[in-house]
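Chemist: what's the 3D shape of this:
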Amino acid sequence: MAQTVTDVLVAGYEDTTSARADFDALVAEVGRRKVAIEGVILVSHAQDGKVSVELTGDHLGRTGARWGGGVGLAVGLFAPMLLATTVATGGVVGWLAGRFSANRLRQQIEQRLGENLPPGSAGVIAVFDDDQRLRVEQALTRTQARSLVQADRDGLGALKDSLAEAMAKFSPDRTVLPIPDRAFSGMAGRTLGESIADWTIVAPVRPPEGAPNVLIALIDDAGFGGPSTFGGAIETPNLTRVQRMGLTYNRFHVTAVCSPTRAALLTGRNNHRVGFGSIAEYPGPFPGYTASVPKSCAALPRILRENGFVTGGFGKWHLTPDNVQGAAGPFDRWPLSWGFDHFWGFLSGAAGQYDPIITQDNSVLGVPEGKDGQPYYFPDDLTDKAVEWLHAVRAQDTEKPWFMYYSTGCSHAPHHVARQWADRYKGRFDEGWDAYRQHTLERQKQLGLVPQDTELTERPEALPAWDSLNDAQKKLYVRQMEVFAGYSENADWNVGRLLDAIEAAGDLDNTLVFYVWGDNGASMEGTLTGSFNEMTFLNGVELEAPEQLELIERYGGSEALGGDHTAPHFAAAWGHASNTPFQWGKQTGSHLGGTRDPMVVAWPRRISPDRAVRSQFTHCIDIAPTVLEAAGIPEPSHVDGIAQEQMDGTSFLYTFDDREAAERHTVQYSESFANRSIYKDGWWACARIDRNPWAFSPETLAAFAPGVYDPEQGVWELYYLPDDFSQAHDLAKEQPAKLEELRQLFWQEAERNRVLPLLGGLCVMYGILPPLPAVTRRTFAGDVQNVQRGMIPFVYGRSYAIEADLHVPEEGAEGVIVANADFIGGFALWVDGDHRLHHTYSFLGVETYKQVSTKPLPTGDLAVKMLFEADENKPGTGGTVTLWVGEEKVGEGRMPRTVPVAFSSYAGMDIGRDNGLVVDLDYEDKAPYAFTGTVRQVVFDLKPGTREEEEMLHRHGAAHLVSHGMHA
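Modeler: Numbers count the residues shown, from 1 in each chain. From the prediction side, this is the model:
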């Protein structure tokens, strides 16, 4: 005999008025005996938080029964506290109590499904036999969502499972992502009259009620002592604006290097655990250094997107290896694969602010052009694009929460900014870096950002005292810092523009803002003198101050520093000063100058502004869990069927209301290129290897080679930070037992977090190399543009040819055949207005070599070639250039030296034109100077050397790619 099927229908309403109307309508239908039910319940949650329950008996008149197991459970799903505190005062059916154990049901599913109705909403719960379903559902016409449970009279398991599935419409299981499609809870009869629609099956996933928008604004390569908000000389009114809306954190930490911080921030996990023990440029062969996030570590934007947010990333990325930044992908290392719905910015570790190669989503757009005759400037366009995205989101949906990751290219080198911004700081740095550090610490104390007993740490011996410099040096270095300050202030101004747009849209009140001033400490990679072109020191070209001043004058004078004809970096001592009051800077994971940066947090709807500084230990891995807690979203246990590793970070939401709360993030390691530290309960033990941040000579690195370097023999230091804010007093000799305890803890954490082997990110420096590249001939079709810097043919230290297949019309042709990078480092093969073939080679702007054909190009189909014959196969070799048309030599010349490592940190290669800043200033006014004939293809033919030579060049290229990335 078939058993009767019992239905429990749960109908949700966005307002109590609609719920009351449907409840009364169903009760009236029962009274008229149009429908027979076992019972119906109205649960209302008023705006003031009060929860009320109304019950009615069924048409048979059963009254006074205790809570039935099924009905009581259904109420508990909306308001769990009612199960313990509410006594039924009206009639309700009791027959379910004898068949479904209320206690047993509560134990099995209450914890998983129990959530309160949002304030202002309501629910109707009806229990009936299945043959009454159509009439019941027809009475509930105003519901926005309905879920149905079906079970026979003895089916406890069926009831539990069905109820869990049905209630997912109201309270989805957010621990398993993606959230499954909703089951159909309406009815599909033969006609529409016999059917009940269920609009929830086409409704998108919604985030928890009240979830805020989230903005993470991240500045690049900036230090604790730079912004005025934290006592520095760089005007940052918008960092202060966020500070005054919310809270200030003076013990916030990053990882000391760019890519690792970004990976840690966006995943909530320690950087080595997600494959970013080093920079993205060169994936390594050890788990902590792959530059690829494991699928078991889903990133924050993916988690938010699957929970109903829309996600956008803008600006600098630096989490995609160089060799996968083209149209062939793979794209699982591009921003969209991290969970962004939209990305606009640049993939590499650095960009020229006047001519970046822009990526949008999974496509390379190329180099933008300025508007209305004005130069293009990336920071302004970055903000425009972010604001446009916000406007587009709100044009479609006025309530959906958004997540934005806004990451500036500033203040990473090259320090590019218009002169009027730099000129604001005329005379502000004339006293030099030593006085700057003293004044900054004084202001930090006045602002209450550091304890009054904070001491200024000593300047490293490698950096010169300001008073030891001559006038030429001081003139150069002062202007470097003026440019850097103007560059940084402009970035803060653009963050202000973004905040203005958010406020104008009415979103600022419910936006959780994290404004982080630095993904690591300020860079000390500009060498002792800084540079008009940051690529000189990366190529081993050392320029003294007088030489730099001469080059600066060549490209427009010191007043033009920061303009589009320069690519400057400041002297290392300015980077150190920008990290006041701490020791060292970027790359130095052992000391606070590399790992502690300003952070301010605001959420007007939730946080009351509090001038009291939050001094709990916080870390970039804490931001993701803080966002999830604020939004009411759990960490997922599974994503795409893959079990997830738990986040390492600790939410610091607890600090929002309690400035005195005991810190919860009590242990944290840091490691960058063997500079390492361990924090525990206020104690900080650390070891720094004997290498300056700008030093990558073979002699320097040899000291850390396998079999030579013993990390156990390094000098460890010990600090107690609650009493020593600036890390000024080494207690290693006084507390040997504590030091040994922390040393052992570091190795435990290193093993757990995939830090090992130490120096794994530099393995290529020591001959642990990927296979030798087999391709020596690369063909580029005539329409290829914006080949990213890391993917151009490896022409360094060898003989090579550039061959072009052209068609020249009868009237002749002019323009660029192929161009790589620009006039402060690059090469081009081009034809002038007299139809003569040119080869231009810029040795980093220091020297420029040109060869020109002796006769014009003929017309018709022809092949032209530039042949470089190296004196020897070694980095930086000189050689002879010859120009050819077919088999005829038409020009020649010498290049006494060539670029040994890389032409540019950001500029790309184009076929048939020269996008962005040009290689040869002779055609700058005609840029991009597209070839007026036809470029069918361009071929790079690299002449192989001996096996030993090829291995040497391969090692050299790999090693310097890593060293370049370390500066990015």
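Chemist: max-length helix in this structure?
Modeler: Longest helix of the chain, by residue count under DSSP state H: helix 471-504.
Chemist: that one: what's the following helix or strand?
Modeler: Next helix or strand after helix 471-504 toward the C-terminus (DSSP states H and E): strand 511-517.
Chemist: so what are the sheet partners of that following strand and their directions?
Modeler: Sheet pairing for strand 511-517, assigned by DSSP bridges, gives strand 213-219 (parallel), strand 599-602 (antiparallel).
Chemist: would you list those in CSV and tack on distance to Pro546?
Modeler: Yep, even glycine has a C-beta here, placed from its N, CA and C like the rest. Formatted as CSV, the strands paired with strand 511-517 follow (distance: least, Cβ to Cβ, whole Å):
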stretch, distance to Pro546
strand 213-219, 33
strand 599-602, 41
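Chemist: circling back to that earlier point, quick one: average pLDDT of the longest helix of the chain?
Modeler: Across helix 471-504, the average pLDDT comes to 96.
Chemist: now do stretch 681-691
Modeler: Stretch 681-691 shows a mean pLDDT of 96.
Chemist: show me where the stretch 801-950 of the chain has its strands.
Modeler: 815-822, 825-831, 836-843, 847-856, 860-870, 879-885, 888-895, 909-911, 934-942 (DSSP state E, counting those that start in this stretch).
Chemist: turn those into a markdown table, including mean neighbour count.
Modeler: Listed next are the strands of the stretch 801-950 of the chain as a markdown table, based on neighbours: other Cβ atoms under 10 Å:
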| stretch | mean neighbour count |
| --- | --- |
| strand 815-822 | 27 |
| strand 825-831 | 26 |
| strand 836-843 | 23 |
| strand 847-856 | 16 |
| strand 860-870 | 18 |
| strand 879-885 | 18 |
| strand 888-895 | 16 |
| strand 909-911 | 25 |
| strand 934-942 | 18 |
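Chemist: closest one to Ala328 among those strands?
Modeler: Ala328 lies closest, by Cβ to Cβ, to one member of the strands of the stretch 801-950 of the chain: strand 909-911, at 15.7 Å.
Chemist: which residues are contacting the closest one?
Modeler: For strand 909-911, contacts defined as Cβ atoms under 8 Å, 6 or more residues apart in numbering pick out 780-787, 792, 816-821, 928, 935, 938.
Chemist: number of nearby residues for Gly448?
Modeler: Neighbour count of Gly448, defined by other Cβ atoms under 10 Å: 13.
Chemist: measure it to Met245 for me?
Modeler: Gly448 sits 18 Å away from Met245, going by Cβ to Cβ, to the nearest Å.
Chemist: over to Glu482?
Modeler: 30 Å.
Chemist: of those two, who's got more company?
Modeler: Between Glu482 and Met245, counted using other Cβ under 10 Å, the more crowded position is Glu482 (27 against 18).
Chemist: test my guess that the more buried one contacts Arg419.
Modeler: No - look at Glu482 against Arg419 with Cβ atoms under 8 Å: they stay out of range, at 9.8 Å.
Chemist: checking Arg743 next. Helix, strand or coil?
Modeler: Classification of Arg743 using DSSP: H, G, I helix; E, B strand; the rest coil returns helix.
Chemist: the one 3 residues further on too?
Modeler: The three-state label given to Phe746 by three-state DSSP is helix.
Chemist: ok, now which ones touch it?
Modeler: 669, 676-678, 685.
Chemist: again, 10 Å this time
Modeler: 669-671, 676-680, 685-687, 711, 716, 755 (Cβ atoms under 10 Å, 6 or more residues apart in numbering).
Chemist: just the ones of the residues you listed in strands?
Modeler: Judged by DSSP state E, the subset of those located in strands is 669-671, 676-680, 685-687, 716.
Chemist: any idea how far apart the tips of stretch 629-643 sit?
Modeler: Start and end residues of stretch 629-643 are separated by 20 Å (Cα to Cα, to the nearest Å).
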